[in-house]
Each structure stands twice: as C-alpha cells, then as structure tokens.
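*Asks:* Sequence and predicted model, in that order:
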Amino acid sequence: MRTPSYRAGDVFLLFQKLPFDFHSGDLPIRILENLYFDDTPSELLDSKRFYSEGDEVDGLLERTCLVNIVLPYHNLPGIGITHCCLRYDTLKTSQYPNVAALSLFANFITALRLQKPCPIVGGGQFEVGSDDEPIKNPVSWNRTTVHNPRDAGRYSKDDIQVASNITKDLLEIRQSNDERQLESALIYFSQVTQGFSISLQLSYLGLWAALEALFRPNGIKAKTIAKRITAYLSGFFENDEDMEQWLITEYIKRRSEFIHGSHIAPPDLQNVRRGRDAFPKLHEVTRLCLLGFLSMEKSQRRQVFQKKGMQERLDGLACAEGKYLNKQRMYLAD
C-alpha cells in the first residue's frame, strides 16, 4: 500500500460513482497546482479503525455518521467504494487564491462533463483532521449528473488531462469577467449537466438558455438559432437539414411553449412530449457548441461578441474546430 499523499488540512471530494480506467494511468494526476485526481482515502472512512474497545459506542456511531455524510450508504453490505476522488492540497500555492476548494471541484466536474458525459454521482466533501478526528467539516454533495449514455465508457488519464486544461479555461473566463455571454452559457450548462435540478423540463430550458447566450438570435429566433447551430456543428450531423428542422421544431413546439406557459408538464410526468428523447440530443448539441467556443483563441471570441456587427459574425461562424473537439462526437445512446 502506497504512502498516503494527503495531510491534515487537505480537502477531499468523494464520489459514489465516477468511472475511471485505472489501466490508463497511475494516480494521483495533477489537475492544478493544488488540485489532484487522487485515490480515495479509504482508511479515513473505516470507523472501526479509530475505535477501541474502551471507547463509548456513541463514539463509533458518531464517526459512522460522519462517514455517511461524505459517502452515503458506504457502510451498508454490498456497497462498494469508488476508488478515485478529488483532493485539494491546502499547502500548495494556488493558481487561483480567491477560488475555494468547493468551486474548484465544481469547475473540474463541469470540465469532465464537457470532455465526455460519463455518469458522476457525488458523495461529499470533508477536511482531513487529526488522527483522533480524521473527518472534519463534512458536507454532503448530493448531485447526480444527467444524460449518462452507456457508450461514453470511462474516463481515462488523457480525459483527465484534457479536463484539466478545460478547467483552467473555465476559471480564466470566470476571473476575467469580460466574456459574460460565454460565462453565462457555461453556468447554465454546468447547473444542468451536474444535476442541480431533477426536473427534465427545467433542465431542458437551461440548455436552451445556454445556446441562446452563445448564439444571440434575433429576428425569427427559432430559424436564426437553428441555422447558426447547424452551421457551427455541421461536422457532427449526418443530415444538416434534418438537424436544422429538428432545432426549429424544438424551439417553437417545446421551448417556447414551456417559457410562455402554453404547455404545462405535471411534475410526475415531466416533459413527456418526446422530452426524454430530445434532452440527450440537446445536451450534446450544447456540449459541443461550448467546446467549440472554448477552442477559439480568446481574442477571436471577444471579436465575435463585440456588439457592433455581432449578428453578422454569428451568422458567418465557420464550422467548429480546435483543440477540444479532437475525437469528439455526440453521445446519444442511453
């Protein structure tokens, strides 16, 4: 067993599910100067390890409860453990001193989901304490990602490294505060893909909000945004005309009717009018569009979104390409 890489004060985010191909590379993998994709510290989750016969039973129960906050159901029979997690090293110099560990974790999960939509189920966050109190400040992270196609497979070491670069871009956009449209689109996508809402209806609308922030349609909005998206992602569709018509129909028949209240989806039925089929496709369209914009040079993005002449530039966007679109495809199988 290798020597643990953590120390008192480090912060962990554990997962109930995060598929990683352990044959693709050894852990830990550095994401940022002080953020790592690391082994799960399973020894800190063993309540009996910190319990002796002389202790009160209440002490064991307290430790067990703390573990269940950061990794629900861990102590139940037959429940395995996800052997990878995120670790924030508090002693390393941070590239982003004003960004808390919780925010770094969230940005990296968004980056992972942009790279590939593998299923991720959160556990919880905690700070490493002393030998007598190994789990400090536990916080539940009760979120499950949406749209988790089986054919996405597992994350590899290469995926983690690409997601590391995406994370840096996300943080730079957030801190620069001068790319508000892209930042807004990323926030909407992040909230949807990480599962902040269990409502299919609201998640669907969130994806359209992200696309509208990117493509800023005017005039006949349904036709405008459909034409721009189809041209931008033309390399990913078998039939551009079919995709453009699908986007127009979705915008008019579902998105607009939900927004304006002309169709109501009861909570128990959610978005029943083809919504479960439409959502995966819309998720992937949004994901690939965001990767396209993130692949642009910052100066190019700024030029696209300059107010004067913006509509003409959005109409004239070339097919998306660049570093984050290499080997990408739409993941639609469920």
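*Replies:* Everything's here; your move.
*Asks:* which stretches of the stretch 201-334 of the chain aren't confidently modelled?
*Replies:* Within the stretch 201-334 of the chain, the segments meeting pLDDT under 70 span 261-276, 334.
*Asks:* any idea where the helices of it begin and end?
*Replies:* When assigned using DSSP state H, counting those that start in this stretch, the helices of the stretch 201-334 of the chain occupy the ranges 221-232, 240-250, 256-259, 275-295, 298-304, 310-315.
*Asks:* Including mean neighbour count and distance to residue 78, could the ones you listed go into CSV?
*Replies:* C-beta: built from backbone N, CA, C; applies to glycine. What follows is these, written out as CSV (neighbours: other CB atoms under 10 Å; distance: least, CB to CB, whole Å):
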stretch, mean neighbour count, distance to residue 78
helix 221-232, 20, 45
helix 240-250, 17, 42
helix 256-259, 15, 41
helix 275-295, 21, 30
helix 298-304, 14, 49
helix 310-315, 14, 53
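*Asks:* Check which helices and strands the strand or helix carrying residue 15 is in contact with.
*Replies:* Element membership of residue 15 [criterion: DSSP states H and E] is strand 11-17. Where contact means 3 or more CB pairs under 8 Å, 6 or more residues apart in numbering; DSSP states H and E, strand 11-17 is packed against strand 84-88, helix 101-115, strand 121-128.
*Asks:* quick check: angle from that strand to helix 101-115?
*Replies:* 40 degrees (axes from the mean of the first three to the mean of the last three CA atoms, to 10 degrees).
*Asks:* what about strand 11-17, average pLDDT?
*Replies:* Across strand 11-17, pLDDT averages out at 96.
*Asks:* report the angle between the axes of that strand and strand 84-88?
*Replies:* Using the same axes, to 10 degrees, one finds that strand 11-17 and strand 84-88 are set 160 degrees apart in direction.
*Asks:* Direction included, what does strand 11-17 pair against?
*Replies:* Strand pairing for strand 11-17, using DSSP bridges, gives strand 84-88 (antiparallel), strand 121-128 (antiparallel).
*Asks:* can you put the ones you listed in a markdown table and add distance to residue 152?
*Replies:* A markdown table is the format used below for the strands paired with strand 11-17 (distance: least, CB to CB, whole Å):
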| stretch | distance to residue 152 |
| --- | --- |
| strand 84-88 | 16 |
| strand 121-128 | 14 |
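*Asks:* Is it possible to get a markdown table of those strands that adds mean pLDDT, mean neighbour count and distance to residue 106?
*Replies:* As requested, the strands paired with strand 11-17 are exported to a markdown table (pLDDT from 0 to 100; neighbours: other CB atoms under 10 Å; distance: least, CB to CB, whole Å):
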| stretch | mean pLDDT | mean neighbour count | distance to residue 106 |
| --- | --- | --- | --- |
| strand 84-88 | 97 | 24 | 10 |
| strand 121-128 | 95 | 22 | 10 |
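*Asks:* Out of those, flag the one nearest residue 154.
*Replies:* Nearest of the strands paired with strand 11-17 to residue 154, taken as CB to CB: strand 84-88 at 10.5 Å.
*Asks:* For the most centrally placed residue in the chain, which non-adjacent residue is closest in space?
*Replies:* Most central residue of the chain, judged by C-alpha distance to the mean C-alpha position with CA atoms, centre = their mean, is residue 110 at 2.5 Å. Beyond its immediate neighbours in the sequence, the residue positioned closest to residue 110 (CB to CB, 6 or more residues apart in numbering) is residue 190, lying 4.2 Å away.
*Asks:* My guess is that neighbour contacts residue 111. True?
*Replies:* No. If you go by CB atoms under 8 Å, residue 190 and residue 111 don't touch, sitting 9.5 Å apart.
*Asks:* Of these two, which one has the most company?
*Replies:* Neighbours around residue 190 and residue 111, counted as other CB atoms under 10 Å, are more numerous at residue 111. The numbers are 26 against 21.
*Asks:* Model confidence score at the more buried one, please.
*Replies:* With respect to pLDDT, residue 111 has a value of 98.
*Asks:* Surely it and residue 170 touch.
*Replies:* Yes. Look at residue 111 against residue 170 with CB under 8 Å: they come within range, at 6.2 Å.
*Asks:* nearest spatial neighbour of residue 22, skipping sequence neighbours?
*Replies:* Distances taken as CB to CB, 6+ apart place residue 83 nearest to residue 22, at 7.4 Å, with adjacent residues excluded.
*Asks:* show me what contacts the one you found?
*Replies:* Residues near residue 83 by CB atoms under 8 Å, 6 or more residues apart in numbering: 20, 22, 39-40, 42.
*Asks:* and which of those residues is nearest residue 219?
*Replies:* Taking CB to CB as the measure, residue 219 lies nearest residue 20 of the contacts of residue 83, at 46.0 Å.
*Asks:* Confirm for me that that closest one is in contact with residue 155.
*Replies:* Yes. With contact taken as CB under 8 Å, residue 20 and residue 155 are classed as touching, separated by 5.1 Å.
*Asks:* Nice, that's everything, thank you.
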